[in-house]
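>>> quick one, structure for this:
(one chain, ligands or ions: 1)
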Amino acid sequence: MKREIRTRRQGPATLRGKAIPPTTTDQRLLDRRGPTDWVHADPWRVLRIQAEFVEGFGLLAELPKAACVFGSARTRPDTPEYKLGEEIGAKLHEAGYAVITGGGPGIMEAANKGCHEAGGLSVGLGIELPFEQSLNDYIDIGVQFRYFFVRKTIFVKYSQAFVVLPGGFGTLDELFEAITLVQTGKITRFPIVLVGTEYWGGLIDWMKTSVLRAGNISADDLDLIHLTDDPDEVVRVIVGAHEEEARKHEEKEAVAETARRAGDPA
Ligand SMILES: C/C(=C\CNc1ncnc2c1ncn2[C@@H]1O[C@H](COP(=O)(O)O)[C@@H](O)[C@H]1O)CO
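From the prediction side, this is the model:
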């Protein structure tokens, strides 16, 4: 007579006899008792990080072409910089771009406002900070991130240009990240426009007199940055760079097509 062996199937695994645990996977999932310190452990964080990427990619996958606008979180609405941010937001929309910002106050709010009120698509990628802060009121699509580095990836992935108005450490961080990505060829088709000749002039001069002179960058690297005060010029630089890139792309495609035909006797 055949011996009856206690068997448990657990996903793809088969467990028999003493290998069978006292509870099922579902029981363990649904039972709230037990330690909770795993919530603060790195493997669980990795899943949260993954979830932020999934959320961001999913929400923005169908975003049309877009430009990021960066600048100080502290700029007040009654300042010329705020007005400039609004104007740039509106003009980017008129040129066919969605506007992406960090979703906060100051220049971010100004650019979102300009774009939104002009009828454009205004996006805010917020960040969880030690103090309570909600997304500004002029955002059509918003995401709140836990992790700065995930948010930065999303800024770069879903925009085709960076516009940088006067700002502090956060703005400088975003500016230099963008320059580094373009300089190292990690991103292409990516105009970077600094707005505010008086504010940024000193930094550009220092790059020329110190950084370039020391040989730490090349003269070409400085060409990656455009500097202006004029919102129309901001848009002209971006549109011009993208048209030039599209032309180059078409040329390349035409050369490839000719080569394909030449190698194809049909
Ligand atoms: C300090 C204040 C609010 C901070 N809130 C922010 N919300 C969203 N994004 C922010 C915030 N602060 C910085 N950032 C990011 O950095 C850039 C601005 O930094 P800066 O140091 O002010 O130049 C900005 O582009 C954001 O992406 C006051 O209420």
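
>>> report the contact partners of the residue nearest to residue 145 when sequence neighbours are not counted.
Spatially, and ignoring its direct neighbours in sequence, residue 145 is nearest to residue 151 (4.0 Å; CB to CB, 6 or more residues apart in numbering). (Each C-beta comes from the backbone N, C-alpha and C, glycine too.) Residues near residue 151 by CB atoms under 8 Å, 6 or more residues apart in numbering: 56, 102, 125, 127, 145.

>>> what of residue 10?
24-25.

>>> torsion angles phi and psi at it?
Dihedral pair for residue 10: phi -130, psi 90, per degrees, to the nearest 10.

>>> mind checking pLDDT for it?
Here the pLDDT value assigned to residue 10 is 79.

>>> ok, it to residue 38 distance?
Separation of residue 10 from residue 38 (CB to CB, to the nearest Å): 20 Å.

>>> now do the end-to-end distance for stretch 18-38.
This stretch, stretch 18-38, spans 27 Å end to end (CA to CA, to the nearest Å).

>>> which other residues reach it?
6-8, 10-11, 15, 44.

>>> what parts of this protein come near the ligand?
70-74, 102-105, 108, 126-127, 129, 133, 167-171, 174 (CB under 6 Å from any ligand atom).

>>> filter those residues down to the buried ones, ChimeraX style.
In ChimeraX, the members of the residues of the chain next to the ligand classed as buried (16 or more other CB atoms under 10 Å) are selected with the following command:
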select :70,71,72,73,102,103,104,105,108,126,127,167,170,171,174
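
>>> which ones among the residues of the chain next to the ligand map onto strands?
Those of these mapping onto strands are 70, 126-127, per DSSP state E.

>>> thinking again about what came up before, is it correct that the residue nearest to residue 145 falls within a strand?
No. Using DSSP: H, G, I helix; E, B strand; the rest coil, the assignment for residue 151 is helix, not a strand.

>>> quick one: the helices in the protein, in order.
25-30, 42-60, 80-94, 107-117, 148-157, 169-183, 197-206, 219-222, 231-262 (DSSP state H).

>>> which phi and psi does residue 166 have?
phi -50, psi 140.

>>> quick one: it from residue 71, how far?
For residue 166 relative to residue 71 (CB to CB), the value is 6 Å.

>>> just give the nearest non-adjacent residue to the most centrally placed residue in the chain, would you?
Central residue of the chain (CA atoms, centre = their mean): residue 155, 1.1 Å from the mean position. Of all residues not flanking residue 155 in the chain, residue 68 sits nearest, at 5.3 Å (CB to CB, 6+ apart).

>>> I'm done for today, thanks for sticking with me.
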